[in-house]
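Chemist: sequence first, then the predicted structure:
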2 protein chains.
Amino acid sequence: MKPSANAHLIGRSDARQRLLTPSLIVDLAALDRNIAGMQRLCDQHGVALRPHAKAHKCSSLAARQIAAGAAGICAATPGEAEVFANAGINDILLTSTFASEQAIARVVRVRAGGARLACVVDHPDVAERIAFEARRLGVVVPLLVDLDMGRKRAGVAGPAEAVLLARRLQECEGVEPAGLQAYAGHLSHTWAFEERKAGAAEAASRISAVLAALESEARYTPARITGGSTGAVLPELAGGLYTEMQCGSYAVMDTEYAAVDPDGSGAPMFAPSVFVATSVTSANHPGLATADAGEKRLVSKYGIPPLIARGAPEGSAYAATSDEHGRITLPEGASLAPGSLVELVVPHCDPTINLYDHLYVFEGERLSEVWPIDARGA
Amino acid sequence: MKPSANAHLIGRSDARQRLLTPSLIVDLAALDRNIAGMQRLCDQHGVALRPHAKAHKCSSLAARQIAAGAAGICAATPGEAEVFANAGINDILLTSTFASEQAIARVVRVRAGGARLACVVDHPDVAERIAFEARRLGVVVPLLVDLDMGRKRAGVAGPAEAVLLARRLQECEGVEPAGLQAYAGHLSHTWAFEERKAGAAEAASRISAVLAALESEARYTPARITGGSTGAVLPELAGGLYTEMQCGSYAVMDTEYAAVDPDGSGAPMFAPSVFVATSVTSANHPGLATADAGEKRLVSKYGIPPLIARGAPEGSAYAATSDEHGRITLPEGASLAPGSLVELVVPHCDPTINLYDHLYVFEGERLSEVWPIDARGA
């Protein structure tokens, strides 16, 4: 793990003003409120919460979610599954399909290493190849049927293909059927509540059709039906089909998720807990300042700029304008001196967090811990 | 440094087909041709080449550029300067301004550690603060006057401000004037040659005006005038003002630089040497395949998609469509089986390389070395 340039500030209550920038901060109280809030919501619906760790790539944060009641975590890549398993997180669902010989070998090795790891699959031939490797290593890999929810990205196309695949999983030694994944990712940033509600209803009828076909044609009743996202969690829970929610971004949040109206009220359910600390490097023009967080430090997916959380005059705006630099546009008459610290709410959480090696854990102004973002780049 | 998941393939001549994906590959022969080509061009003009290492963030690659004749390297951030100095690269120009107390302390510490490090500055107050820290550590920091070339991002605004700053650098103990930086970054992706040529001429007259003022009003003749970029190198060399070129992307190249016509002929001067290896994870729909390199693995700055270099049928196209996935659109009747390996030319080199921890060095099909991207995230 890379050494942290700010580790010497641990325990200091002026640390937040003394960070080398750009750095990634987590406000522990805000994080814990988000973790507890989503857990409570899932508990109320009798649905397991398996947070997606692709959002933060940090095993310390994942362990905190599990301690608060999560059933385990989701991983997006074989590399993430490997890192989290090595970090001692022992209940992992790998939510992306994988098919190269070397990826299959890697994933089955993680399972053979003792991790409680389940995976998804969307083609009988790939299932056969996973089974072959599993038999070679003397293990059984639980596989969920991955269902395409309309994006044509991964998943079986519909009920007939789901039935064929489920039968193969039932027959094939080395793997076992372990449920259905139905991740309607397109809903997470469907901005308007009514539109998202309609999308969730359409998704539910797609899932129901597949469940009926699996039941009648493969005599298979998936005990686990997994999916869901922070943006669409309310209608997805209301649908009553999922047994497990995969929401991830709720823990950290960002300006783009904050722009999703969760329930038609316009009031957000979760608050940002992760911030980028940046500092002014240049300010030679009236009304403008340049800071050290650019496109190598902030990623937007939907073109929404980062929000300034503190350190700049009310009415200032931030934009990542080049690789290494951001531009602060100041209100009339205001200025920011070179060296000033500014904190930003990240525009889109998970590709942004993926740019940093450390998460600086703050309790108020005090730096209490440094969490390695250990699955970064994995 | 993170362990490499493909290190066991070193020395194998089937390694290129056996890489865990997504991974970043460098073709050593293509890299060396680019390095030699830019060095020759600068040598012919009697101008030093100081490649910008922000493009690759890899000290092994930087050392190769220096071995081929480069005068040293440029770094974009205090963290990069620190990593490269620790890796034994002993002639570094930090090309971005910095102003926070902790950044100043970090940079002066690198200088005090024995590195031949020069920096840029754009405000007398910041120069004073650097000088104060330098005196505290008993060193002298060479500072170049940074000139704004029109972007209002960093740099003194014009001749009068340059003169004031140069005078301060001459007077102030702990720092010394070390030249002029005039980086016209906006020209690097001015696509049409004639427009770029006109821009370079305008930049040259801006530089000349500042040089004249420094000479007459501060009795200062900068021995070093540094700037330049891969996209605009020919008109910038032709201008005859620079003593040092900072080009960086030429070594690795990408589809977006390849779209810049270097000299009006339309023929590229450099060829891509860095590629992303990805593999097909899903292919359940005719005409489409999904691969494992998405927006966490490929960054475009100008909206130009990655180019497929090998592994997919002629006429296929690639787009990073979500965080973890890319979509391959196949020509009529073609297909790609799950598990197939595909290599891509990256859309924009430096934010893309910044996503990876290792560069797999290939001599043809043989993996000869693994270079850590040691300044990644720094």
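Modeler: Here it is on my side, so go on. Everything numeric in this text was worked out from a predicted model, so none of it was measured.

Chemist: so the helix or strand bottoming out on mean pLDDT in chain A, near chain B or not?
Modeler: The helix or strand of chain A with the poorest confidence is helix A:255-258; it has a mean of 88 (mean pLDDT, DSSP states H and E). No - residues of helix A:255-258 are not located near chain B by C-beta under 8 Å from any C-beta of the partner chain, the shortest gap being 12.4 Å. C-beta: built from backbone N, CA, C; applies to glycine.

Chemist: who does the closest residue to A:L19 other than its chain neighbours bridge with?
Modeler: Distances taken as C-beta to C-beta, 6 or more residues apart in numbering or on different chains place A:A277 nearest to A:L19, at 5.0 Å, with adjacent residues excluded. Beta bridges link A:A277 to A:S23, A:E343 when assigned by DSSP bridges.

Chemist: contact partners for A:A277?
Modeler: With contact set as C-beta atoms under 8 Å, 6 or more residues apart in numbering or on different chains, A:A277 has these partners: A:R16, A:L19, A:T21, A:P22, A:S23, A:L24, A:I25, A:L341, A:V342, A:E343, A:L344.

Chemist: ok, the first one - how many residues close by?
Modeler: Using other C-beta atoms under 10 Å in any protein chain shown, A:R16 has 22 neighbouring residues.

Chemist: could you do A:D14 as well?
Modeler: Neighbours of A:D14 (other C-beta under 10 Å): 10.

Chemist: let me see the contact set for A:E244.
Modeler: A:V47, A:A48, A:L49, A:R50, A:A71, A:R224, A:I225, A:T226, A:G227, A:G228.

Chemist: among these, which are located in strands?
Modeler: The members of those that map onto strands under DSSP state E are A:A48, A:L49, A:I225, A:T226, A:G227.

Chemist: could you single out the nearest of those to A:S316?
Modeler: A:L49 (36.9 Å; C-beta to C-beta).

Chemist: could you point out the longest helix of chain A?
Modeler: helix A:193-218 (DSSP state H).

Chemist: do that one and chain B meet?
Modeler: No - under the criterion of C-beta under 8 Å from any C-beta, helix A:193-218 makes no contact with chain B; the nearest approach is 14.1 Å.

Chemist: now do that helix: which elements does it pack against?
Modeler: helix A:159-171, strand A:175-181, helix A:233-238 (3 or more C-beta pairs under 8 Å, 6 or more residues apart in numbering or on different chains; DSSP states H and E).

Chemist: which one of the ones you listed lies nearest to chain B?
Modeler: Across those, chain B has its closest neighbour in helix A:159-171 (7.2 Å, C-beta to the nearest C-beta).

Chemist: helix, strand or coil for the residue sitting furthest away from the middle of chain A?
Modeler: In chain A, the greatest distance from the average C-alpha position (C-alpha atoms, centre = their mean) is reached by A:G333, at 40.3 Å. Assigned state for A:G333: coil (three-state reduction, DSSP: H, G, I helix; E, B strand; the rest coil).

Chemist: and the residue of the stretch 201-350 of chain A at minimum distance from chain B, how far is that from B:R129?
Modeler: Here the stretch 201-350 of chain A gets closest to chain B at one residue, A:P338, 3.5 Å apart by C-beta to the nearest C-beta. Distance from A:P338 to B:R129, counting by C-beta to C-beta, to the nearest Å: 9 Å.

Chemist: count of neighbours near the residue in the stretch 51-200 of chain A that chain B sits nearest to?
Modeler: Among all residues of the stretch 51-200 of chain A, A:A99 sits closest to chain B, at 3.4 Å; criterion: C-beta to the nearest C-beta. Using other C-beta under 10 Å, A:A99 is surrounded by 25 other residues.

Chemist: one step back: show residues contacting the least confident helix or strand of chain A.
Modeler: Under the contact criterion C-beta under 8 Å, 6+ apart, helix A:255-258 has outside partners A:188-189, A:230-231, A:249-250, A:268, A:270, A:272, A:300-302, A:304-307, A:345-349.
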